[in-house]
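Trainee: My questions are about this predicted structure, shown below with the sequence.
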Amino acid sequence: MPAVALILSGSLVGQGLVIAVSPLLTRLYRPEDFGALAVVTAIGSVIGAGATAGTDRALIVARDDRAVRALVWIGTLTAAVVGAATAVAAWVTRASSAELFGTSVLTVYWWILPTTVVAVAAQRIASSLLARAERHRAIGVRNAVQGIGQTIWNVLGATAGPIGLVGGVAVGRIVAVVGVGVGLARPRRSTRTALRGAVADHRRFLLLTPCSAVANVLGQQAPSLLLAALHGASAAGFVALTMRVLGAPVGVLADAVAQYAAGAFGRLVRSGDPLAPLVTRLVSRLSIAGAAGVVLVMTVGPAAFETLFGEQWSVAGEYARILVPAFAVQVAVSPLTQLLAMVGRQTVQLLWDVMRLVLASAAVAVPSLLGAPMPIVLGSLAGAMVAAYGTMLALVIGTVRRQSSAHSTSNM
């Protein structure tokens, strides 16, 4: 798939830099700072996902440019409102948040939370515009710029303290959105009639998708938040490094495929063509990549972590062995999670997102509260992730089979 290769090349540059600089960052920042990074990333991603009010998903399948313009305006407005509300909440709760997560970073740099929220929301809208237009080269450039901006900030910002680490998530996305904005036509102002029409035509997206998006990202980030709250920022920092090292290559590949698939799925949904061939091709190829990753981490994980990051981080390599099977399943299935909402099954998507959130949270909270050691907690989390993504794969297969049958019947 040449389109995936274009996107992946940019992702490899951007996220490759993020991975490559990790050994340096572990010497510039403390485990507590990585724990604070996990908290800021989790909260900012969760709120930012809902801040678009579902417009980022809706505009991919919108039938015409008029509806797309209206959805962009709606998403921008809701992102600004949610960002302002987050700023107020972060200021008011800065002391209690610092106590809850065991880090003073949230007291001093409370403002990074609303900044991250707005950056995440803006990136989601810009990414969907590029995906709809299937501008794969531009998506690749955006991915590279995001990683480069984040890396430069992380390294040069070390002299300023923890903000050099925790601010990288927002800075990378802001730089990427600005770069994307240069190549996108500025949306013309929408009329009230167009805005009302967009709301009416896409009301299920606007009503259900924000809840689904928040539950989806919270399902990804809740384990990090719970680990920080139940085990302290220092212990969570070791897991955060493991997540960063495993999540970076998984994110690079899965995000590249998901960005390609978003445009391809949207085009197939708008035209009514079968989805099954594309789904089968994606899952089979990504499963091979995931299996290769499992073999690699199981073979050299602990030794590689100790060599690259220093002796104090060797335990993170053992954690990687526990979590890597779950990441392999995730990389094969996660690009498909956007499909249910695109074909009108927003309620099913929401139920799955809530189910994964409950499974992931319980998998961390229950053994932690019972006093289980970290390896047991992470093993429980890995099992929950495999179960959740296995369920999603079954739902997608059932959906595309019904769609294929309906398409065959209509052509008889």
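Mentor: Structure received. Numbers count the residues shown, from 1 in each chain.
Trainee: List the contacts of stretch 130-145.
Mentor: The contact list for stretch 130-145, computed with CB atoms under 8 Å, 6 or more residues apart in numbering, reads 3-4, 6-11, 13-15, 59-60, 62, 68, 126-127, 175-176, 179-180, 183-184, 255-256, 259-260, 262-264, 266-267. Placement of C-beta: from N, CA and C, glycine included.
Trainee: Tell me which residues of the lowest-mean-pLDDT helix or strand in the chain come out buried.
Mentor: Taking mean pLDDT, DSSP states H and E as the measure, the helix or strand of the chain with the lowest value is helix 192-201, at a mean of 75. Buried positions in helix 192-201, judged by neighbour count with 16 or more other CB atoms under 10 Å: 194-195, 198-199, 201.
Trainee: next one: stretch 80-94
Mentor: 82-83, 86-87, 90, 94.
Trainee: try stretch 277-287
Mentor: For stretch 277-287, by 16+ other CB under 10 Å, it's 278-279, 282-283, 286.
Trainee: was I right about Ser11 contacting Asp255?
Mentor: Yes. Between Ser11 and Asp255 there is a contact at 6.4 Å, judged by CB atoms under 8 Å.
Trainee: Save the buried residues of stretch 277-287 as CSV, and put in secondary structure and distance to Ala320 too.
Mentor: As requested, these are exported to CSV (DSSP: H, G, I helix; E, B strand; the rest coil; distance: CB to CB, whole Å):
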residue, secondary structure, distance to Ala320
Leu278, helix, 31
Val279, helix, 29
Leu282, helix, 25
Val283, helix, 24
Leu286, helix, 20
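Trainee: Need these in CSV (columns: distance to Ile163 and pLDDT).
Mentor: As requested, these are exported to CSV (distance: CB to CB, whole Å; pLDDT from 0 to 100):
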residue, distance to Ile163, pLDDT
Leu278, 42, 89
Val279, 42, 90
Leu282, 39, 90
Val283, 40, 91
Leu286, 36, 89
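Trainee: Sort out which one of those residues lies nearest Thr103 for me.
Mentor: Leu286 (35.5 Å; CB to CB).
Trainee: thought the closest one was touching Ala328?
Mentor: No. Between Leu286 and Ala328 there is no contact under CB under 8 Å: 9.2 Å.
Trainee: Please, which helix or strand holds the nearest residue to Thr76 once chain neighbours are set aside?
Mentor: Spatial nearest neighbour of Thr76, chain neighbours left out: Ile125 (7.0 Å); criterion: CB to CB, 6 or more residues apart in numbering. Here Ile125 sits within helix 112-133, counting by DSSP states H and E.
Trainee: how far is the helix or strand that comes right after that helix from where the chain is centred?
Mentor: Per DSSP H and E, helix 112-133 leads on to helix 136-156 as the next helix or strand towards the C-terminus. Helix 136-156 has its C-alpha centroid displaced from the chain centroid by 16 Å (CA atoms, centre = their mean, to the nearest Å).
Trainee: Name the residues of helix 136-156 that are buried.
Mentor: For helix 136-156, by 16+ other CB under 10 Å, it's 136, 138-155.
Trainee: Average pLDDT for the host helix or strand of Ile74, rounded please.
Mentor: With secondary structure defined by DSSP H and E, Ile74 is part of helix 65-92. Across helix 65-92, pLDDT averages out at 91.
Trainee: before we move on, what about stretch 137-151?
Mentor: 89.
Trainee: Enumerate every residue touching the closest residue to Gly390 other than its chain neighbours.
Mentor: Nearest residue to Gly390 in three dimensions, chain neighbours excluded: Val329, at 6.9 Å (CB to CB, 6+ apart). Val329 sits next to 290, 385-386, 389-390 when contact means CB under 8 Å, 6+ apart.
Trainee: Emit the ChimeraX select command for whichever of those residues are buried.
Mentor: Remark: buried members of those, expressed as a ChimeraX selection using 16+ other CB under 10 Å:
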select :290,385,386,389
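Trainee: closest to Asp33 among the contacts of Val329?
Mentor: Taking the contacts of Val329 together and measuring to Asp33 by CB to CB, the closest member is Met385, at 25.9 Å.
Trainee: That closest one is in what secondary structure piece?
Mentor: helix 374-410.
Trainee: What residues sit buried inside that helix?
Mentor: For helix 374-410, by 16+ other CB under 10 Å, it's 374, 377-382, 384-389, 392-393, 395-396, 399-400, 403-404.
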